[in-house]
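A.B. asks: Have a look at this fold, sequence not included:
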């Protein structure tokens, strides 16, 4: 894929986008630009006296496109109103790329031993009762600090610190096999939507930012991650039963039929995570996991269209599709009751 | 099918005349490469990378690249000197137990068919191996190349399986695999349940090469002048049993969740969760083992 207008310097385009950003975010964008002009090291003003020391903002994270660490921080500042609620109160899993997306990377679960003032890190207990210190999402300072660490991909937990054993949503992760095209992903996503409609479940779909899609079903409070897994498994099983040629729930990669999309319901097991809505992925093009309207999921949908350059503008035009979809959680009991009263009503 | 090799299985003083027949069918669909304009087959030509001229076979030699772009040329004579004496025997060196052999060592199976007059000793060896559960390990030279081989009993047949030498296997220590102590007991229980759900006796007939089937459908349709319709959506009701089973497990998981009073109340009311600040004072719920047990 050739991209027109590859750029070496971030500054010109940054200006045009600034008018579409929240006042606070825009101040941070200004502050970041200032630092970049004066060599790339400095202190970002986050308003209310909060500051964060950043360095090497000119470091190229996306070599093909020329996007830098500064570009990544500016993107998050621009979309803070949308992305911060997605991560709020959730432990974050970082994938760090200290030398950009083509260099080595590693996952980081634990928070560094000491973090700058204003960065939210909390000690949680995992299932074995071990204490672990984690970075918790929800504020721009923490997010920018994460980028400062060289983390490009940020995945939030499906549960929040106050109730780590309750899942807030369940995810169907559509993961195309090496021989499945994105148009097959689109087809499978439509089938998932169809089954969700039958089960009267609401959901939002987003590009994964890589080659697949995530379909996220918000859950009412008080449901366990076990229920989350089973609910997703139910939908996945129905989809695969209808379209075994293009979809599979086969876990062994090698046993998946060629050309199928893996409908993965196991990303809901506790501790598993997928990329947050509006999060940047460590992929060429600096693609963003972007919530979509169902009507957009059709021929011609190209996940590469959603990047750190295009998403702030899209948010302005389309609104926050994620927040809208997450407002009300689905009742799983209602699914069971509906099925009990009208068996096979679809036929 | 013609014999690939003729000789004898030997061990101790016994010698059983056998032939080697292929046990694997190449099932790939093959294609000819054609010139798009007139559909005449295209052919490969050996071309000198230096001047682009065609090189006749008589001017082709084999070279070993010992450094980038540097070659040692080996002549036919060199290859002959390296070749092993063309022994016509499968020398069984040891008998081992079948399950002692890591399956990664097995490469290609062949049937050992008794040659004329070999039937009785063949059956004798087979039955003795069957009773003792033994697999013979030996060496066989096929087309001048020495191979490690296993001889085992499959039904009424003796099967010779060409094996890899130990140095051909990539060692697991070349990679890093996660240790088992990072697995959480609850997740393991869950994963084991999932495995249990899918446990089936192995029936190889069940798994088909869908790519091949698709290609054949396209070819047949093209012969008839039609465009193949490859993805008829199966509009049948989803695998009912599985769905019903999942529904009942889902119900169970909800019931179990209900034992927790505050959770049950919130679940029933069906309202959106209270803001985090209000919830933060609530005690963390006990570990989940209670539910997944």
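C.D. replies: Yes, it's here. Note that this is a predicted model, so its numbers are computed, not measured. Residues are numbered from 1 along each chain as shown, chains lettered A, B, ... in the order given.
A.B. asks: drop to CA atoms for contacts and neighbour counts, all remaining ones
C.D. replies: Will do.
A.B. asks: Could you list the low-confidence segments of chain A?
C.D. replies: Across chain A, residues meeting the criterion (pLDDT under 70) sit at A:1-22, A:127, A:338-347.
A.B. asks: Direction included, what does the longest strand seen in it pair against?
C.D. replies: The longest strand of chain A (DSSP state E) is strand A:169-176. Partners of strand A:169-176 in the sheet, by DSSP bridges, are strand A:213-218 (antiparallel), strand A:261-264 (antiparallel).
A.B. asks: What is the subsequent helix or strand relative to it?
C.D. replies: Where DSSP states H and E defines the elements, the next helix or strand beyond strand A:169-176 is helix A:182-198.
A.B. asks: Is that next one in proximity to chain B?
C.D. replies: No: applying CA under 8 Å from any CA of the partner chain, one finds helix A:182-198 out of contact with chain B, separated by at least 10.1 Å.
A.B. asks: got the angle between that helix and strand A:169-176?
C.D. replies: 150 degrees (axes from the mean of the first three to the mean of the last three CA atoms, to 10 degrees).
A.B. asks: who does the following helix or strand past helix A:182-198 pair up with?
C.D. replies: Once the chain leaves helix A:182-198, the next helix or strand it forms, by DSSP H and E, is strand A:204-207. With DSSP bridges as the test, strand A:204-207 is paired with strand A:213-218 (antiparallel), strand A:291-292 (antiparallel).
A.B. asks: which of those sits most buried?
C.D. replies: Highest mean neighbour count of these: strand A:213-218, a mean of 24 (counted as mean count of other CA atoms under 10 Å in any protein chain shown).
A.B. asks: which residues are contacting it?
C.D. replies: A:168-175, A:185, A:189, A:201-208, A:325-326, A:328-330 (CA atoms under 8 Å, 6 or more residues apart in numbering or on different chains).
A.B. asks: please redo it, this time with the cut-off set to 6 Å
C.D. replies: Residues from elsewhere that reach strand A:213-218 (CA atoms under 6 Å, 6 or more residues apart in numbering or on different chains): A:169-174, A:203-208, A:326, A:329-330.
A.B. asks: how about stretch B:160-176: buried residues?
C.D. replies: Neighbour-count burial for stretch B:160-176, with 16 or more other CA atoms under 10 Å in any protein chain shown as criterion, is recorded at B:160-164.
A.B. asks: And those, which is closest to residue A:106?
C.D. replies: Proximity of the buried residues of stretch B:160-176 to residue A:106 (CA to CA) peaks at residue B:164, which lies at 35.2 Å.
A.B. asks: For residue B:98, see how far away the closest residue to that closest one other than its chain neighbours is.
C.D. replies: In space, and not counting its chain neighbours, residue B:164 is closest to residue B:105: 5.0 Å by CA to CA, 6 or more residues apart in numbering or on different chains. Per CA to CA, to the nearest Å, residue B:105 is found 12 Å from residue B:98.
A.B. asks: what comes into contact with the helix or strand where residue B:148 lies?
C.D. replies: Assigned by DSSP H and E, residue B:148 falls within strand B:145-154. Strand B:145-154 is contacted by residues B:135-141, B:158-163 when judged by CA under 6 Å, 6+ apart.
A.B. asks: For the nearest residue to residue A:286 once chain neighbours are set aside, list the residues it contacts.
C.D. replies: Nearest residue to residue A:286, sequence neighbours excluded (CA to CA, 6+ apart): residue A:307, at 5.5 Å. Contact analysis of residue A:307 by CA under 6 Å, 6+ apart lists A:286-288.
A.B. asks: For residue A:47, give me phi and psi.
C.D. replies: For residue A:47, the backbone dihedrals (degrees, to the nearest 10) come out as phi 80, psi 150.
A.B. asks: Ignoring the adjacent residues along the chain, who's closest to it?
C.D. replies: residue A:24 (7.1 Å).
A.B. asks: Number of residues surrounding the one you found?
C.D. replies: Applying other CA atoms under 10 Å in any protein chain shown, we find 16 residues neighbouring residue A:24.
A.B. asks: tell me the SS of it?
C.D. replies: Three-state assignment for residue A:24 (DSSP: H, G, I helix; E, B strand; the rest coil): helix.
A.B. asks: ok, now residue A:43?
C.D. replies: Reduced to three states by three-state DSSP, residue A:43 is strand.
A.B. asks: ok, it touching residue A:53?
C.D. replies: Yes: at 4.3 Å, residue A:43 counts as touching residue A:53 under the criterion of CA atoms under 6 Å.
A.B. asks: Pretty sure residue B:19 sits in a strand.
C.D. replies: Yes: under three-state DSSP, residue B:19 sits within a strand.
A.B. asks: Nothing else from me, thank you.
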